[in-house]
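Engineer: Here's a sequence, model it:
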Amino acid sequence: MPVTDIWTYLSEGPLVWLTATILAYMVGDALFRASGGRPLVNPVLIAIVLLSALLLSTGTAYGTYFEGAQFVHFLLGPSTVALALPLFENRRHVMRTALPMAVALVAGSLVSMLLGLGIGWVLGLRGISLLSLGPKSATSPIAIGVAEQIGAAPSLTAALVILTGIFGAVTVTPLFNLLRVRDYRARGFAAGAITSGIGTARALQVNPTAGAFAGVGMGLNALFTALAAPYVIPWIFG
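Structural biologist: Below is the predicted model:
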């Protein structure tokens, strides 16, 4: 049997793409550890590059891939809930800084939302493409739901959430160091609120306190975005 026929048969099975996803991330994580934890060597970014190259080289449709790898997508929910553990361990720190976090949340969420829309408008984006930028800083399940409410493209919004998360995970640590932000509570909260799950994972790698506050930032930003975006974005373009 020709190799191409064997691949066509195997690629239809869900186990192949689930295995490929796990292996791609394992390669990315190994490279990340070998680099000494450098932000540019982001495991998620490496996994995306490897999987994209595999899909392109084999001519596999994304729908076929997602059908096999959707179990990984399902794990997004439990992994988000698991962030409650570092939050609980640092609950006293969180309670002492509740008011500053509330102010930072509203300011950060609105600026992120409006700045993304403004840049998209300047660059010539219009219609669905522009609207899809609005909820990009919320975690994927919330961002997709908001996108459906405001008439944007959920799939495009999901891709923008991932890109925002990867870009944030790569840049936040050098940026905070450059700005001389030393407080890991502020660093973590900002990373989680703006870069969702990927940025939160990076914060956990850097410091436990930063990870706890990143989880808080991610959860609160998701809640604020879900409540505010369906009203703010249509009002801007109404």
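Engineer: The lengthiest helix in the chain - contacts with which helices or strands?
Structural biologist: Ordering each helix of the chain by length in residues (DSSP state H) puts helix 208-236 first. When contacts are defined as 3 or more CB pairs under 8 Å, 6 or more residues apart in numbering; DSSP states H and E, helix 208-236 sits against helix 84-89, helix 91-96, helix 98-122, helix 140-150, helix 184-206. All C-beta spots, glycine's among them, are computed from the backbone N, C-alpha and C.
Engineer: Make CSV out of the ones you listed and add mean pLDDT.
Structural biologist: CSV is the format used below for these (pLDDT from 0 to 100):
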stretch, mean pLDDT
helix 84-89, 70
helix 91-96, 77
helix 98-122, 89
helix 140-150, 85
helix 184-206, 85
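Engineer: okay, the ones you listed, which one's buried deepest?
Structural biologist: helix 184-206 (a mean of 26; mean count of other CB atoms under 10 Å).
Engineer: could you dump that one to CSV, C-alpha only?
Structural biologist: C-alpha atoms of helix 184-206 as CSV (Å, rounded to 0.1, in the frame of the first residue of the first chain):
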residue,chain,number,x,y,z
TYR,A,184,4.7,40.5,41.3
ARG,A,185,1.1,41.2,42.2
ALA,A,186,0.9,44.0,39.7
ARG,A,187,2.9,42.0,37.1
GLY,A,188,0.7,39.0,37.4
PHE,A,189,-2.6,40.8,37.4
ALA,A,190,-1.7,42.8,34.3
ALA,A,191,-0.5,39.7,32.4
GLY,A,192,-3.6,37.7,33.3
ALA,A,193,-6.0,40.5,32.5
ILE,A,194,-4.6,41.3,29.1
THR,A,195,-3.1,38.0,27.8
SER,A,196,-5.6,35.5,29.2
GLY,A,197,-4.6,31.9,29.7
ILE,A,198,-1.3,31.8,27.9
GLY,A,199,0.0,34.9,29.7
THR,A,200,-1.3,33.4,33.0
ALA,A,201,0.6,30.2,32.4
ARG,A,202,3.8,32.3,31.8
ALA,A,203,3.2,34.2,35.0
LEU,A,204,3.0,30.9,36.9
GLN,A,205,6.3,29.9,35.5
VAL,A,206,7.9,33.1,36.6
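Engineer: What is it packed up against?
Structural biologist: Against helix 184-206 (3+ CB pairs under 8 Å, 6+ apart) you get helix 76-81, helix 98-122, helix 140-150, helix 154-179, helix 208-236.
Engineer: Would you reformat these as a markdown table and include distance to F32?
Structural biologist: Putting those into a markdown table (distance: least, CB to CB, whole Å) gives the following:
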| stretch | distance to F32 |
| --- | --- |
| helix 76-81 | 18 |
| helix 98-122 | 26 |
| helix 140-150 | 21 |
| helix 154-179 | 11 |
| helix 208-236 | 16 |
